[in-house]
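Peer 1: The following block contains a protein sequence and its predicted model.
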Amino acid sequence: MGSLLLLVIIIFLAANGDYTLLYLTGGAFAVAVIGSLFPGNRKKTEERPRTKISHPHYIDPDDYECTICGKRFRKNLDACPNCGVRFNRTVTDWEEFDDEEELDYMIYGD
């Protein structure tokens, strides 16, 4: 809406013979185009870690956990089915595996 209003003002002023706003708009556009051609000394920011935790199990099927929303899911996906975040790293948490293995040993022995 704002850009449409600006366009109407530019056309109105150009129709009346006042090209000052037209020159300023064209100059600002030229500066923006030239500025985008030369990136300068922009520092690259490191991507925020979005980790998927793999939970292997001794008895049950493996499952995975999103560190952003905390949702656990069964399939090994590249994105969280709950919040949609795309994972860029995976870590493995063996705690539940060890607990199930110890429980299996306590119940069934060797």
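Peer 2: On my side now, so go ahead. Numbers count the residues shown, from 1 in each chain.

Peer 1: and the next element down the chain from the longest helix along the chain?
Peer 2: Longest helix in the chain by number of residues, with DSSP state H as the criterion: helix 20-37. Heading C-terminal from helix 20-37, the first helix or strand you meet, by DSSP states H and E, is strand 51-55.

Peer 1: Not counting its own residues, what contacts the helix or strand following that following strand?
Peer 2: Later in the chain than strand 51-55, the nearest helix or strand by DSSP H and E is strand 63-66. For strand 63-66, contacts defined as C-beta atoms under 8 Å, 6 or more residues apart in numbering pick out 52-55, 57, 71-77, 80, 82-83, 85, 87, 93. The C-beta positions use only the backbone N, C-alpha and C, and glycine is treated the same way.

Peer 1: cutoff 7 Å now
Peer 2: With contact meaning C-beta atoms under 7 Å, 6 or more residues apart in numbering, strand 63-66 is reached by 52-55, 72-74, 76, 80, 82-83, 85.

Peer 1: Okay, now the sheet partners of that strand, with direction.
Peer 2: Here strand 63-66 has these sheet partners by DSSP bridges: strand 51-55 (antiparallel), strand 72-73 (antiparallel).

Peer 1: Average pLDDT for it, rounded please.
Peer 2: In this model, strand 63-66 carries a mean pLDDT of 94.

Peer 1: go on, stretch 25-39?
Peer 2: Here stretch 25-39 scores 74 as its mean pLDDT.

Peer 1: one step back: most neighbours of all the contacts of strand 63-66, which one?
Peer 2: Using other C-beta atoms under 10 Å as the neighbour test, those are led by residue 52, with 23 neighbours.
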